[in-house]
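# Quick check, what structure comes out for this input:
(2 chains)
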Amino acid sequence: MTNVLLIIFTISLLYLGIGHRLLTYIKILAFQGIILFGIAFIELIQINALNLAFVLLETIVFKTLAIPLFLNYVMKRNRITRDAEPFLPNFISLIIITLIIIATFILSNAIGDSRISKIYFVVSLSTLFTGLYIIVTRNKIITHVMGYLVIENGVFILSLAVGNEMPMLVNLGILLDIFASIFLLGIFVNRIGDVLKDVDVDQLKNLKD
Amino acid sequence: MISFILIILASIFFSGIIIRTKSITSGRKGPGIFQPIKDIIRLLRKGSVYSKTSSIIFQIAPSIYFASIVMAIMVIPFGQYKGIISFEGDFVFFASVLGTGKFFSIISALDTGSSFGGMGASREALFSMFAEPAFFILMGSFSLLTGHTSFQQIFASLHFGSYISYILGALATFVLVMITVVENSRMPIDDPNTHLELTMVHEVMILDNSGFDLGMISYATNLKFAMYGALIANLFMGSFPLYLSMPIFFGIQIIFAIAVGFLESFTARFRMNHNAQYILALSSVSLLIFLGVLLVLGQFS
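Now for the predicted structure:
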């Protein structure tokens, strides 16, 4: 069953490439949170119950509910416009994300470690590179944060792959999540939108002295 | 032979069910289920008008288009019974013969000499080009999974033992439904009702056809729907005996028609330049199905 959920997770990455509005990104992040909840529920049966309950609660509360709602609030508060403003057209994004998935598949075959299941490796690496691609090719600061959240989902999947042997690694993945929430809180509290009067990444270079 | 007869039977009511579903979801009652067939019979009785700027291509292309679809229908099996034509690698023949028909309809649209024809031909060619890899990758994954290359052998040995083959079947159904929508130019790729330059893709190509040719082309659309519905039904029929598989076949065709009707009623058409991305996304999804099949088999390239 986890294989199915991981394939559906990878399909959601493709839709991340062709989405036009910021709301689409937020919905995909929430959907990925639900899938990670399902995977964690099925996979991590050997760690103790308290740890498992914490992981499941964190996945549902943070990844599915709190962060999307918070992103919505930040968007409304800073009056960020709806469009995602990519540098490259969405068509090329789709081709590049497909190439990323194929490349990670070939890479995982070349490495061929027997201790980690191949599908986890492929899905988490492609999520990582897709998140990096989204950070690089979008104009706005808020999509920078969303790309970071996608990278963090990828790291979480990789930690789930060995989560039965090393439960502390899963907790580290969760800490990354909480770090991203503080990051968002930083944008909100400092009101980067108000200070720079523009939510373009280009304006960040004015911060150097 | 049996699948040929059943597909022709299913094509009679397919379009009527789609129109009926769309009417009921809009709150009306709608025309009868056999109304499109009556329209087609009325068209078949009329004569065609050919313009002076068109050549022989415009006159023979609808017949070639119709003939290619009839040949493609002959390949489709029915559970464990073979189609009329069946050989190793016949799904490539299936795609190629459909491509020949589409090529002739594209050049006949260009032959009319109007700019509408050129526009429709280029859009149709682009969308079909992006939907081709989706179909080939899907059939390729199934033939990899079962080890055979002929339609009938693939569907006969596709037993749904483990859960992952159910999921593959569900994903393949989704991709096949979307390929049907692309090939027949329905919503959300194209709107069959409007005839405005901004919004039509397939209707442009048949804008200048009339009478008998138009009747053949309209019936060919119904046949294509029933053909893809038969492909989807074959995924689920397996090797049931005849008295079980015929109701399953017709049930799946009716459910498919109702699903296409719902899809048409509740989605708006995409912007024209977003259509290409959407269709390419289908090819990427079928690539994921291929990777999933490689995973199931435990053998990697």
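
# switch to C-alpha atoms for all contacts and neighbour counts from now on
OK.

# got the residues of chain A near chain B?
Taking C-alpha under 8 Å from any C-alpha of the partner chain as the contact definition, chain A meets chain B at A:1, A:4, A:7, A:10-11, A:14-15, A:18, A:90-91, A:94, A:98, A:109, A:119.

# Closest residue of chain A to chain B?
Nearest residue of chain A to chain B: A:Phe91, at 5.2 Å (C-alpha to the nearest C-alpha).

# dump the residue contacts of that residue.
A:Ile18, B:Ala276, B:Gln277 (C-alpha atoms under 8 Å, 6 or more residues apart in numbering or on different chains).

# Make JSON lines out of those and add pLDDT and neighbour count.
Listed next are these as JSON lines, based on pLDDT from 0 to 100; neighbours: other C-alpha atoms under 10 Å in any protein chain shown:
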{"residue": "A:Ile18", "pLDDT": "86", "neighbour count": "21"}
{"residue": "B:Ala276", "pLDDT": "82", "neighbour count": "20"}
{"residue": "B:Gln277", "pLDDT": "83", "neighbour count": "21"}
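
# a markdown table for the residues you listed, including distance to A:Ile60 and secondary structure?
Output for the contacts of A:Phe91, formatted as a markdown table (distance: C-alpha to C-alpha, whole Å; DSSP: H, G, I helix; E, B strand; the rest coil):
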| residue | distance to A:Ile60 | secondary structure |
| --- | --- | --- |
| A:Ile18 | 26 | helix |
| B:Ala276 | 35 | helix |
| B:Gln277 | 31 | helix |
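
# What strand or helix carries A:Leu23?
Assigning secondary structure by DSSP states H and E places A:Leu23 in helix A:22-43.

# and the following helix or strand past that helix, average pLDDT?
Per DSSP H and E, the first helix or strand lying C-terminal to helix A:22-43 is helix A:49-58. Helix A:49-58 shows a mean pLDDT of 82.

# likewise stretch B:31-38?
Mean predicted confidence for stretch B:31-38 is 90.

# do the same with stretch B:168-186
The model assigns stretch B:168-186 a mean pLDDT of 86.

# follow-up on the earlier one: export the helix holding A:Leu23 to CSV, keeping only CA atoms.
The C-alpha trace of helix A:22-43 is given here as CSV (Å, rounded to 0.1, in the frame of the first residue of the first chain):
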residue,chain,number,x,y,z
LEU,A,22,-0.5,30.1,-5.3
LEU,A,23,-3.7,28.4,-3.9
THR,A,24,-2.9,25.4,-6.0
TYR,A,25,0.5,25.1,-4.3
ILE,A,26,-1.1,25.3,-0.9
LYS,A,27,-3.6,22.6,-1.7
ILE,A,28,-1.0,20.3,-3.1
LEU,A,29,1.1,20.8,0.1
ALA,A,30,-2.0,19.8,2.2
PHE,A,31,-2.6,16.8,0.0
GLN,A,32,1.0,15.7,0.4
GLY,A,33,0.6,16.0,4.2
ILE,A,34,-2.4,13.6,4.1
ILE,A,35,-0.4,11.1,2.0
LEU,A,36,2.6,11.3,4.4
PHE,A,37,0.2,10.7,7.3
GLY,A,38,-1.0,7.5,5.5
ILE,A,39,2.6,6.3,4.9
ALA,A,40,3.7,7.0,8.4
PHE,A,41,0.7,5.2,9.8
ILE,A,42,1.3,2.1,7.7
GLU,A,43,5.1,2.0,7.9
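
# Quote the end-to-end distance of stretch A:8-27.
15 Å (C-alpha to C-alpha, to the nearest Å).

# May I see the buried residues of it?
Within stretch A:8-27, the residues that count as buried by 16 or more other C-alpha atoms under 10 Å in any protein chain shown are A:8-20, A:22-26.

# measure the closest residue to B:Val182 other than its chain neighbours to chain A for me?
Closest residue to B:Val182 apart from its sequence neighbours, by C-alpha to C-alpha, 6 or more residues apart in numbering or on different chains: B:Ile189 at 6.2 Å. Distance of B:Ile189 to chain A, given as C-alpha to the nearest C-alpha, to the nearest Å: 16 Å.
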